[in-house]
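A.B. asks: sequence-free structure coming up:
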């Protein structure tokens, strides 16, 4: 299946009385490294369990891995879809789930009580749902971008008369005619109509943003035009501007690659604002919390609406013997279990939470 954010909540509840096998691989084109690494990880998991105290569990996991061989071969097929791939399988049960996305997820084989989500959650944070709008004199060309993929949406086309007096392209907004306009004022009227069309296009753009749940909207084009469109947009996703000429011949994937630096900057600003908001809410006695101990307690009470984690992991590993990775996984599972949202903060944004141990939350009450 193609990965979607809603799958995370379903996977968080995916468990088994013996355990769930979680297999991750990153299949980069032209190399067998991803295939080899996962095979080595599976062999290491078998050896680790065989050397452990629970020999019955080791036997059951080994049998399940043997039965999963055809599915593992599919996961490692170079011709299969997706750069990053994952397989989750019950050890005692029969249920198997897969996910793929165009983002790297590393390589790992592990067995735990529930599906192991940390690699998947960390990967998707780099490319959360966002909109890209190529703003030009011919219209607004829209793209939906999420989890390493980009799709082109229905555009809004303008029909402005050219200097030679003809109009270009099919129109979804009314056209401008030369008739009855003094030649000295025609260029001015074109600019006036362009601004009018851009303001009218804002309604369509805002509708797509709401429907698709964009976190940010990147407006690419002449700053004079993107400013008009941006000012006409109602409250919604964070708006970022990119002063650039976007070649209309670019495919959606090429558009995504072209705007990637601007998208990463927008993500860093968004994450930093989230971290500051959660920290300030906590310091002012509002619906915010910082610090590992307090947040673990609040998570178990189901009070966390939005969990914020440093991508490097929490800096306090209490209780003794628990790794930062294990704590992250527990917090992610608890958040999804109670219908909350998780954001893994990029390094710059996480600096806002340095004194709070790299973890913060916004609360339901």
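C.D. replies: Done, it's in. Keep in mind that what you see is a predicted model, and the values were worked out from it rather than measured. Residues are numbered from 1 along each chain as shown.
A.B. asks: for the stretch 101-250 of the chain, just list every one of the strands.
C.D. replies: Using DSSP state E, counting those that start in this stretch, the strands of the stretch 101-250 of the chain run over 108-114, 130-136, 139-146, 149-152, 156-157, 216-221, 238-242.
A.B. asks: make CSV out of those and add distance to residue 92 and mean neighbour count.
C.D. replies: C-beta: built from backbone N, CA, C; applies to glycine. Listed next are the strands of the stretch 101-250 of the chain as CSV, based on distance: least, Cβ to Cβ, whole Å; neighbours: other Cβ atoms under 10 Å:
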stretch, distance to residue 92, mean neighbour count
strand 108-114, 11, 18
strand 130-136, 40, 26
strand 139-146, 34, 23
strand 149-152, 35, 16
strand 156-157, 54, 20
strand 216-221, 43, 23
strand 238-242, 45, 19
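A.B. asks: residue 228: which of these is closest?
C.D. replies: Closest to residue 228 of those, according to Cβ to Cβ: strand 130-136, at 8.6 Å.
A.B. asks: returning to what we had before: okay if I get the strands of the stretch 101-250 of the chain as a markdown table plus distance to residue 17?
C.D. replies: Shown next, in a markdown table, are those (distance: least, Cβ to Cβ, whole Å):
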| stretch | distance to residue 17 |
| --- | --- |
| strand 108-114 | 9 |
| strand 130-136 | 40 |
| strand 139-146 | 35 |
| strand 149-152 | 36 |
| strand 156-157 | 54 |
| strand 216-221 | 42 |
| strand 238-242 | 44 |
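A.B. asks: how about these in TSV, adding mean pLDDT and distance to residue 32?
C.D. replies: Shown next, in TSV, are these (pLDDT from 0 to 100; distance: least, Cβ to Cβ, whole Å):
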stretch	mean pLDDT	distance to residue 32
strand 108-114	95	17
strand 130-136	96	33
strand 139-146	95	29
strand 149-152	93	24
strand 156-157	94	46
strand 216-221	96	36
strand 238-242	95	38
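A.B. asks: can you say which of those strands is nearest to residue 253?
C.D. replies: Taking the strands of the stretch 101-250 of the chain one by one with Cβ to Cβ, strand 149-152 is closest: 5.8 Å.
A.B. asks: so which elements touch that closest one?
C.D. replies: Applying 3 or more Cβ pairs under 8 Å, 6 or more residues apart in numbering; DSSP states H and E, we find strand 149-152 packed against strand 139-146, helix 252-283.
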